[in-house]
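Q: Predicted structure and sequence below. I'll ask about it afterward.
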Amino acid sequence: MGALQHIARTAPNLPVPRLVPSGHGLDFHTIRFADGNDYNVYLLTYLDGVLLSDTDVGNDSSTWRRLGELIANVDKALRGYFHPAAIQQHPWNFETCLRLRHLVEHIENDEARSRVNQVFERMSNFVIPRLQSLRHQVIHQDAHTDNVLVDRDNTTRITGLIDFGDLLYGTLAAEIAVACDSIPYSRPDIVSPACEIVASFDSALSLEEEEVDLVFDLVCARSALTATIAAARLALTPDQPAHIQSPLPFVDRLRELQCVGQTEFTRRLRSACRFPVYCPKTADEALSGDEEARLVEARRSLMGRNTTHFYARPMHFERARGPWLYSTDGYRYLDCYNNVPQVGHCHPHVVRAIARQAAALNTNTRYLYSSALEYADRLTSKLAPHLSACIFVNSGSEANDVAWQIAKLITGNTGAVIMEDAYHGVTDVIRQFSPGRPETPLPAFLRGLIVPDPYRGPFREGNPEMVQKYAADADRAIAELEKSGHRVAAFMIDSALCSSGVPDVPDGYMQAVEKKIRAAGGLMICDEVQSGFGRMGQWWGHEHHGVRADIVTIGKPVGNGHPLGVVVTTQEYLNRFIDKTRLFSTFGGNTVACAAGNAVIDVIEQEDLIERSSTIGAYMRSEIAKLASTHAIIGNVRGHGMVTGLEFVTDRNERSPATTETARLVELMRRERVLVGSEGRDANVLKLRPSLIFAKEHVDVFVAALDRSLDAL
Ligand code: PMP
């Protein structure tokens, strides 16, 4: 009665019975009946309809959808309700079902008995311990076909849920499992209706993955329990015919469910709720090779036969957390490569911010909203005072494209200087700024500089003129541009020089080049897509080099995986550019992207990740350097903060690149369950860019794996 009163307050429109107070305003009366006993009597409203069990149940999938939605709404309405009597040990309570285990002996058929026993075994060892860590609340737990009413004329329309007598304190997974038990035994396909129930429940009341993952076991348990209770009644109370039925149909149902199997059933439920589908938690649950082959083939036909992937055999991930990626082979892999998840994969604060904003509003910068302004304000406060205005786009490439347009507009010039093996993105023009390899011919408006690499470049450490010699290449580039009619508009530079293999750029080099560029009339476009946001142990890579940026471009790590690109420049440049172009990007800086951006800054500040990037990165390089005494292939270890280049050579004197060995090492590290990648003109540099949340323990895992892989080379 308390529960019904509670629902009447929290969800007055739900089709469940209502308690009618007596003329005296009481909920119930105690009345002496003719048999001499006192009974509590109460009055409920009548719900019109016929029992679902009296119809041609569920031929229409909308019945199952409506059932899922109804039980979710009932549970939602019951969330704030509790009564000590709800902690019940009644026979249908999954969490106390082991009390019935001794009754299994009444199932006479050996095969059936053994099958039911196995379910009890799994409940005991696996399911019940997990149920205990799931959300609990008072639930209806009896929404089967005899308690669900439907419209007489339209039997897919549910008109009510009755019988609150089995209410108990349990899990939402249990609620769903009982509803799934309504799916008629005669149906050839049990899984599709179950998917409808679960997905519609999830739409009304969000489920957690662990809850979805236990539904199969609970549906099996429900059949096993029903079979057990039926067998016990047959054996112990044969004189009560109303309750007598054979246990065997329930065992048949169990057999059918087991034919579908936990993996397939759960895969379908997960897919219906849009949870990641493949989610093996141990190597025993690894996805089969057939499935992997199917995905590879689908990828070839849907995404092109030459779409690149890492590793000879592609890796398959469906989930990640912090520094770990979880592969469908059932193992976790330490991610030392990917620099997009700057604050760790799927950081809960960022994930929540995205989800909450997506649930509230997702619109564009042509409207006024606070999150974009908050974000722009916070972002610019991290940069030098003159960099105070933002243009929002969706990617690093777009940011660089816009930056290039601004530079041309402001200077009136048309030439650009880049590194000879730079990478800046994929738009038509920016693809030309991304030759990748030094020997790639460049268009007349672009010149590439020799990479200032003191380890294997033309001028090496120890050479007192190294900085001037490298910087002098900018004079050559500027002169060549002018000769072909292009004065310099900008020098576009990735401060980490990632695509060049993270060389240890000598102090003073960037400033010397900046001076030459400015003297020739060009601006500095500092591409912070790789080097920004604490990657180099401080907020911005260009600050590490001591140069003044006119335009900063930001991408990849800013949204921790959510698409967001930003161009930051001066008020004057931005106003002149927007006045001329009226540039607007539909998704750029939308409310959700800005929520992601704000959350990433929150995490960096709250977890002190800039400082951590600096100390953990230094620790990583010092630990790697220790391996150099036992592994002659290690030529050079360098970097700043959490970007490290580890260069391999076949001969330390000759500094000849160990290209094939590096490729083998990447595969060997995979075997060690550590992800790394190679880079540089000879692909002999390991490019290491772990997330800034890395701790010493993660570095230790990496270094031990590297040591073993080098041994195995
Ligand atoms: N600039 C640099 C330095 C990059 O490394 C990248 C991508 N790796 C980009 C720009 C392009 O970013 P996006 O792929 O988001 O367009």
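A: Alright, I've got the coordinates. Not measured: the values here are computed from a predicted model.
Q: contacts and neighbour counts: CA atoms only from here.
A: Will do.
Q: Up against the ligand, what does this structure have?
A: By C-alpha under 6 Å from any ligand atom, the residues of the chain that approach the ligand are 395-397, 423-425, 494, 527, 529-530, 555-556.
Q: Swap in 8 Å and give it another go.
A: Residues of the chain lying close to the ligand (C-alpha under 8 Å from any ligand atom) are 394-400, 422-426, 493-494, 496-499, 527-531, 555-556, 563, 565.
Q: Cross these against helices and list the overlap.
A: Among those, the ones falling in helices (DSSP state H) are 396-400.
Q: Ranking by neighbours, what's the top pick from those?
A: N400 (33 neighbours; other C-alpha atoms under 10 Å).
Q: so where's the stretch 201-350 of the chain shaky on pLDDT?
A: 242 (pLDDT under 70).
Q: Looking from the ligand, tell me which residue of the stretch 51-200 of the chain is nearest.
A: A199 (33.7 Å; C-alpha to the nearest ligand atom).
Q: so where does that residue fall, helix or strand?
A: Per DSSP states H and E: A199 is located in helix 191-204.
Q: Put together TSV for the ones in helices among the residues of the chain next to the ligand, with distance to N684 and pLDDT on each row.
A: Below are those laid out as TSV (distance: C-alpha to C-alpha, whole Å; pLDDT from 0 to 100):
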residue	distance to N684	pLDDT
G396	26	98
S397	26	98
E398	30	98
A399	30	98
N400	28	98
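Q: export the residues you listed to TSV and tack on distance to R130?
A: As requested, these are exported to TSV (distance: C-alpha to C-alpha, whole Å):
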residue	distance to R130
G396	43
S397	46
E398	47
A399	47
N400	50
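Q: Which residues belonging to the longest helix out of those in the chain are considered buried?
A: In the chain, ranked by residue count with DSSP H as the criterion, the top helix is helix 209-236. Neighbour-count burial for helix 209-236, counted by 16 or more other C-alpha atoms under 10 Å, picks out 211-234.
Q: Please apply the same query to stretch 610-628.
A: 610-621, 623-625, 627.
Q: In strands only, show me those residues.
A: Taking DSSP state E, every one of those sits outside strands.
Q: Quick check: closest non-adjacent residue to D27.
A: Spatially, and ignoring its direct neighbours in sequence, D27 is nearest to P21 (4.8 Å; C-alpha to C-alpha, 6 or more residues apart in numbering).
Q: how near is the one you found to V41?
A: 11 Å (C-alpha to C-alpha, to the nearest Å).
Q: Which one's more surrounded, these two?
A: Between P21 and V41, counted using other C-alpha under 10 Å, the more crowded position is P21 (14 against 11).
Q: neighbouring strands for the lengthiest strand in the chain, and are they parallel or not?
A: Counting residues, the longest strand found in the chain (DSSP E) is strand 643-651. If you go by DSSP bridges, strand 643-651 pairs up with strand 634-640 (antiparallel), strand 656-657 (antiparallel), strand 685-688 (antiparallel).
Q: I'd like the next helix or strand past the second one.
A: Counting by DSSP H and E, the next helix or strand C-terminal to strand 656-657 is helix 659-671.
Q: could you give the angle of that following helix to strand 643-651?
A: 130 degrees (axes from the mean of the first three to the mean of the last three C-alpha atoms, to 10 degrees).
Q: Pull the residues that contact helix 659-671.
A: 311-312, 648, 675-678, 682-686, 705-706, 709-710, 712-713 (C-alpha atoms under 8 Å, 6 or more residues apart in numbering).
Q: Give me the subset of these that lies in strands.
A: 648, 675, 677-678, 685-686.
Q: Pull the most distant pair out of the residues you listed.
A: Distances among the ones in strands among the contacts of helix 659-671 were taken as C-alpha to C-alpha; the most separated pair is F648 and L675, at 17.1 Å.
Q: For the stretch 301-450 of the chain, which segments count as strands?
A: 317-321, 324-327, 332-335, 389-393, 415-419, 446-449 (DSSP state E, counting those that start in this stretch).
Q: would you turn these into CSV with mean neighbour count and distance to D504?
A: Formatted as CSV, the strands of the stretch 301-450 of the chain follow (neighbours: other C-alpha atoms under 10 Å; distance: least, C-alpha to C-alpha, whole Å):
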stretch, mean neighbour count, distance to D504
strand 317-321, 16, 31
strand 324-327, 22, 28
strand 332-335, 22, 23
strand 389-393, 24, 31
strand 415-419, 26, 14
strand 446-449, 24, 16
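Q: Identify the residues contacting the closest residue to S246 other than its chain neighbours.
A: Computed as C-alpha to C-alpha, 6+ apart, the closest residue to S246 that is not its neighbour in sequence is A230, at 6.2 Å. A230 sits next to 243-247 when contact means C-alpha under 8 Å, 6+ apart.
Q: Just the buried ones from the contacts of helix 659-671, in ChimeraX syntax?
A: Those of these that count as buried under 16+ other C-alpha under 10 Å are selected in ChimeraX with:
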select :648,675,676,677,678,682,683,684,685,686,705,706,709,710
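Q: What are the phi and psi values at the residue positioned nearest the centre of the chain?
A: Geometric centre of the chain, nearest residue: C346, 4.8 Å, by C-alpha atoms, centre = their mean. Dihedral angles of C346 (phi, psi; degrees, to the nearest 10) stand at phi 50, psi 50.
Q: Could you double-check that it sits in contact with A320?
A: Yes. Using C-alpha atoms under 8 Å, C346 is in contact with A320, at 6.6 Å.
Q: right, and V467 touches Q511 too?
A: No. Using C-alpha under 8 Å, V467 is not in contact with Q511, being 10.0 Å away.
Q: what about these two, which has more around it?
A: Legend: neighbour count by other C-alpha under 10 Å for V467 and Q511, higher for V467 (22 against 16).
Q: That one belongs to a strand?
A: No. Per DSSP: H, G, I helix; E, B strand; the rest coil, V467 lies outside any strand segment and is helix.
Q: what pLDDT does it get?
A: Per-residue confidence (pLDDT) for V467: 97.
Q: Could you give the number of residues near D48?
A: D48 has 13 nearby residues by other C-alpha under 10 Å.
Q: residues touching the spatially closest residue to it that is not a sequence neighbour, list them.
A: Nearest residue to D48, sequence neighbours excluded (C-alpha to C-alpha, 6+ apart): T159, at 6.9 Å. Taking C-alpha under 8 Å, 6+ apart, we find T159 in contact with 15, 47-49, 148-151.
Q: Just the buried ones among the residues you listed, please.
A: 15, 47, 49, 148-151.
Q: Export these as a markdown table, with columns for secondary structure.
A: As requested, the buried ones among the contacts of T159 are exported to a markdown table (three-state DSSP):
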| residue | secondary structure |
| --- | --- |
| P15 | coil |
| L47 | coil |
| G49 | coil |
| V148 | strand |
| L149 | strand |
| V150 | strand |
| D151 | coil |
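Q: For these, work out which two are farthest apart.
A: P15 and D151 (12.0 Å).
Q: so what's the closest residue to W324 other than its chain neighbours bridging to?
A: Nearest residue to W324, sequence neighbours excluded (C-alpha to C-alpha, 6+ apart): L334, at 4.8 Å. Residues in a beta bridge with L334, per DSSP bridges, are W324, V674.
Q: G344 versus L334, what's the distance?
A: From L334 to G344 the distance is 11 Å (C-alpha to C-alpha).
Q: Common neighbours of those two, please.
A: Joint contacts of L334 and G344 (C-alpha under 8 Å, 6+ apart) are P323.
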